[in-house]
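Trainee: Here is my input, please return the structure:
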Amino acid sequence: MKSGLLWVGESLGDEMSKFLDPLIIEKVDGTADRWRVATTFRYQSDLGGLITVPKGEVTDFASTPQLVWAFFPKSGLWDGAALVHDMTYRLHSFSRKKCDEVFLEALEVLNVSSWKRYTMYWAVRLGGWVAY
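Mentor: Numbers count the residues shown, from 1 in each chain. So this is what the prediction gives:
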């Protein structure tokens, strides 16, 4: 199965960032923290255009160390933003800074509290170079 992020660089004409599809996932058998996207998942970004994550893509959502799981578990309200961020990083779809800015934008769209979204943003800005 071919895996990757599909890009359509055009806006849908609506200049408001939003998730266009529900995130439907299924557990990957034999893994502790891997999930497979069950249906196409799209995010319309004011910063990055239309981002489409194809069915079958695998993610671990937020790659956070166990030490911080009490405040930032691997999965939560931010799952869609984490999935988009994982894919943009993996494929180097933008500069690392722009990938992180799209992540911050998506966190806001999902109504993640300000202190959490900026903490998550600065965590990827400071440590994301390891994964990019």
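
Trainee: Mean pLDDT per helix and strand in this structure: which one sits at the bottom?
Mentor: strand 6-8 (a mean of 41; mean pLDDT, DSSP states H and E).

Trainee: C-terminal to that one, what's the next element?
Mentor: Next helix or strand after strand 6-8 toward the C-terminus (DSSP states H and E): strand 18-19.

Trainee: I'd like the next helix or strand past that next one.
Mentor: As assigned by DSSP H and E, the chain's next helix or strand after strand 18-19 is strand 25-27.

Trainee: Now do that next one: distance to the chain's middle.
Mentor: For strand 25-27, the gap between its own C-alpha mean and the chain's C-alpha mean amounts to 15 Å (CA atoms, centre = their mean, to the nearest Å).

Trainee: can you list the residues that contact that strand?
Mentor: Residues from elsewhere that reach strand 25-27, judged by CB atoms under 8 Å, 6 or more residues apart in numbering: 34, 35, 36, 37, 38, 59, 79. In this view, the C-beta of every residue, glycine as well, is placed from N, C-alpha and C.

Trainee: Now, those residues that are in strands?
Mentor: 35, 36, 37, 59 (DSSP state E).

Trainee: among those, who's most crowded?
Mentor: Neighbours here mean other CB atoms under 10 Å. Within these, the largest count is held by residue 59, at 25 neighbours.

Trainee: how close does it sit to residue 84?
Mentor: 10 Å (CB to CB, to the nearest Å).

Trainee: Look up how far residue 53 lies from the closest residue to residue 42 other than its chain neighbours.
Mentor: Beyond its immediate neighbours in the sequence, the residue positioned closest to residue 42 (CB to CB, 6 or more residues apart in numbering) is residue 20, lying 4.2 Å away. Using CB to CB, residue 20 is found at 11 Å from residue 53.

Trainee: cool, and residue 120?
Mentor: For residue 120 relative to residue 53 (CB to CB), the value is 19 Å.
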